[in-house]
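Enquirer: Sequence first, predicted coordinates after that:
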Amino acid sequence: MSRLPSSHELPLPTLNVAYKNDTTLTLVTTAYIMVSVFAVFINKYLTTASEYKFHYSSVTVLLQLIIALCIVQLWKCIQSRYNTPFRLSKLSWTGWQKVWPCTGIYMALVLLDPLYLTRIPASMYVSVHASCLLFTLALGVVLGRRRKNGPHQRSYQGWLTNTSVWSSCLVQYFGVFFAGYSSFDMALSFNLSWIGLCYTLLMATLAYSVQKSLVELRNDISQFLQWHLILATMIALPLTIISGDLSSAYRSVLFFDEPNFWIQMVVGSVLAMLIHTLMALLISISSPLTYSVASTAKTCLQAIFTMLVFRNSMSSYQLICLSISVVGALCYSRSSNTKHINSVYAM
């Protein structure tokens, strides 16, 4: 194995790329966490305080996908006339072949989400969500071994052989696990564990699938998002019709002609599209593991923020455990704040 060059041996342009990536990664991670937490509270407010109670989750997903597609088309019209800071690339007719596995996993998550939210107790959300970290680590090991002699070997060696990364991830996971352990009903958790495990396994698989799609699309995030929206809409429409939710909502909901209802849908669609964009950007400049760490840290900060602002009950023991988990995420950012140096040469 060839020796890795030290920092003083690297050419100046390469060092600039690495340091620029550090700043970008910090900004994207912070934006992802802030927008995700904000979106959770906005959606909570819209579904509880709003007068428009809409109980058809599949129809909500379909409407938000259609709205997102309309926003994309509107932006394309704007960029054709004006010089916009962010420009959407022209669709490649072969792009869907690279994106459809990722979209299929995403739609499986959408179908499982109502079951996850209704069957898993709220006190277990954070702890179950943290299992995504373990699945991401496990999938990384499996993929790293499969590609041991392949062209992507260098990009996987970055954190697979980094003990600081493993230690930070385990600290983050066990902090969250012990925060929820006191509230576990073990019989209940065993009966429902398959739901949480399937959900978090799909989340970890989705992250690696997004990475694979972006690599094949040469990190063209706008191409990825456009095809993802198109394919997701094509899958969601027949599913909503076959399930009967669309016809049931059409017959029973009386406020489809209310502007405030559609404003609510547009807000939800924009937030979801922004979160997916930041997720894809985070994975493209770093790794699926960084996304899992950021996602877990988001759930911890969300729980702490809810306790401080809305006075939700939380014991001192749980607060300490969640704080330890956040410290683990900060340690991860210190030990893996950019891509492995070999992958910088591979760009």
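Expert: Structure's in. What do you need? Numbering: from 1, shown residues only.

Enquirer: contacts, neighbours, all on C-alpha from now
Expert: OK.

Enquirer: Quick check, central residue of this protein?
Expert: Met279 (5.0 Å; CA atoms, centre = their mean).

Enquirer: list the buried ones in the strand or helix carrying it?
Expert: If you go by DSSP states H and E, Met279 is part of helix 259-285. Buried residues in helix 259-285, counted by 16 or more other CA atoms under 10 Å: 261-262, 264-275, 277-285.

Enquirer: counting contacts, what elements does that helix pack onto?
Expert: helix 12-48, helix 57-81, helix 186-216, helix 221-243, helix 288-310 (3 or more CA pairs under 8 Å, 6 or more residues apart in numbering; DSSP states H and E).

Enquirer: quick one, that helix and helix 57-81 angle?
Expert: Here helix 259-285 runs at an angle of 70 degrees relative to helix 57-81 (axes from the mean of the first three to the mean of the last three CA atoms, to 10 degrees).

Enquirer: Just the mean pLDDT for helix 259-285, thanks.
Expert: The average pLDDT within helix 259-285 is 91.

Enquirer: Does Gln302 touch Val37 like I think?
Expert: Yes - using CA atoms under 8 Å, Gln302 is in contact with Val37, at 6.0 Å.

Enquirer: Flag the shaky bits of this protein, pLDDT-wise.
Expert: The model of the chain has pLDDT under 70 over residues 1-22, 47, 49-53, 123, 146-161, 181-193, 336-347.

Enquirer: Secondary structure class of the closest residue to Lys76 other than its chain neighbours, three-state.
Expert: Using CA to CA, 6 or more residues apart in numbering and skipping the chain neighbours, the partner closest in space to Lys76 is Leu88 (6.7 Å). Recorded secondary structure, Leu88: coil (DSSP: H, G, I helix; E, B strand; the rest coil).

Enquirer: Could you pull up the contacting residues of the closest residue to Ala236 other than its chain neighbours?
Expert: Residue nearest to Ala236 in three dimensions, not counting chain neighbours: Leu62, with 5.9 Å by CA to CA, 6+ apart. Listed by CA atoms under 8 Å, 6 or more residues apart in numbering, the contact set of Leu62 reads Thr233, Ala236, Leu237, Thr240.

Enquirer: pretty sure Lys98 contacts Arg218?
Expert: No - taking contacts as CA under 8 Å, Lys98 lies outside contact range of Arg218: 10.9 Å.

Enquirer: Just want to know which of those two has more residues nearby.
Expert: More neighbours surround Lys98 than the other of Lys98 and Arg218, with 20 against 13 (other CA atoms under 10 Å).

Enquirer: quick one, phi/psi of that one?
Expert: Lys98 adopts backbone torsions of phi -90, psi -20, taken as degrees, to the nearest 10.

Enquirer: Could you do Ile120 as well?
Expert: Residue torsions, per degrees, to the nearest 10, at Ile120 are phi -90, psi 130.

Enquirer: on that earlier part again, mind checking how far the residue nearest to Ala236 is from Val72?
Expert: Using CA to CA, to the nearest Å, Leu62 is found at 15 Å from Val72.

Enquirer: so what secondary structure elements neighbour the helix or strand harbouring Tyr173?
Expert: When elements are assigned from DSSP H and E, Tyr173 belongs to helix 163-181. Applying 3+ CA pairs under 8 Å, 6+ apart, one finds that helix 163-181 contacts helix 125-146, helix 153-160, helix 316-335.

Enquirer: 7 Å instead, please
Expert: helix 125-146, helix 316-335 (3 or more CA pairs under 7 Å, 6 or more residues apart in numbering; DSSP states H and E).

Enquirer: Check what contacts the last one and list those residues.
Expert: Counting by CA atoms under 7 Å, 6 or more residues apart in numbering, helix 316-335 makes contact with 164-165, 168-169, 171-173, 175-176, 178-179, 293, 297, 300, all of which sit outside it.

Enquirer: right, so of the helices and strands packed on helix 163-181, which gets closest to Thr23?
Expert: With CA to CA as the criterion, Thr23 lies closest to helix 316-335 of the helices and strands packed on helix 163-181, at 11.6 Å.
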